[in-house]
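S.K.: Build me a model:
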Amino acid sequence: MKNVTDSFVSLGHWPSAGSFGFNTDILATNLINLSVVLGVLVFFGKGVLSDLLDNRKQRILNTIRNSEELRGGAIEQLEKARTRLRKVEMEADQFRVNGYSEIEREKLNFINSTSKTLKQLENYKNETIHFEQQRAINQVRQRVFQQALQGALGTLSSCLNNELHLRTIRANIGMLGAITD
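M.R.: Purely as a prediction, here's the structure:
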């Protein structure tokens, strides 16, 4: 450690200008060499280093400028996409509302159609029942009439003579003819 401090102290004592020789103190010579190299680097490298730093600064500024432009374009695209999204959402809502109203309308139409069909079927059923009742009533009437006629003919034929019998038959045939017409 003492050698290191001695080499710094000896820097202040330069040999006289008239003598030239080798300095064998390694630490002192390295320090002088380093200071000379640093001085040369600072003097000559200052312009190169300044140019390198300026170029680097310009590249960084250009990158920032490009990034800002890209950011602006991305923001525009995002706003356009949001606008399209809002438009599509509104259309989807409109389709949904129209779809629901169309479903309700179709449902009401189906209910009305089914109700109308049921009423028609009910009317048809009632008409069929009424027709069958009338047919049954007519059949019963005809049978009752035939049985009454046969009973009356049987009673008349046993009670009447041939002339009275023929007159009664003609009268009944006349009445039957009037009923069937």
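S.K.: For the rest of this, base every contact and every neighbour count on C-alpha atoms.
M.R.: OK.
S.K.: Tell me the buried residues in stretch 124-137?
M.R.: Within stretch 124-137, not a single residue qualifies as buried, counting by 16 or more other Cα atoms under 10 Å.
S.K.: Mean confidence (pLDDT) on it, please.
M.R.: Average pLDDT, stretch 124-137: 93.
S.K.: Using CSV, write out every CA atom in that stretch.
M.R.: The C-alpha coordinates for stretch 124-137 follow below in CSV (Å, rounded to 0.1, in the frame of the first residue of the first chain):
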residue,chain,number,x,y,z
TYR,A,124,-120.3,-29.1,-37.6
LYS,A,125,-120.8,-31.4,-34.6
ASN,A,126,-124.0,-29.7,-33.5
GLU,A,127,-125.3,-29.8,-37.1
THR,A,128,-124.5,-33.5,-37.3
ILE,A,129,-126.2,-34.2,-34.0
HIS,A,130,-129.2,-32.1,-35.1
PHE,A,131,-129.4,-34.0,-38.4
GLU,A,132,-129.1,-37.4,-36.8
GLN,A,133,-131.8,-36.4,-34.2
GLN,A,134,-134.1,-35.3,-37.0
ARG,A,135,-133.4,-38.5,-39.0
ALA,A,136,-134.0,-40.6,-35.8
ILE,A,137,-137.2,-38.7,-35.1
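S.K.: Could you list the low-pLDDT ranges of this structure?
M.R.: 1-28, 156-157, 159-160, 181 (pLDDT under 70).
S.K.: Which neighbouring elements make contact with the helix or strand encompassing residue 90?
M.R.: Counting by DSSP states H and E, the element that carries residue 90 is helix 26-159. When contacts are defined as 3 or more Cα pairs under 8 Å, 6 or more residues apart in numbering; DSSP states H and E, helix 26-159 packs onto helix 2-9.
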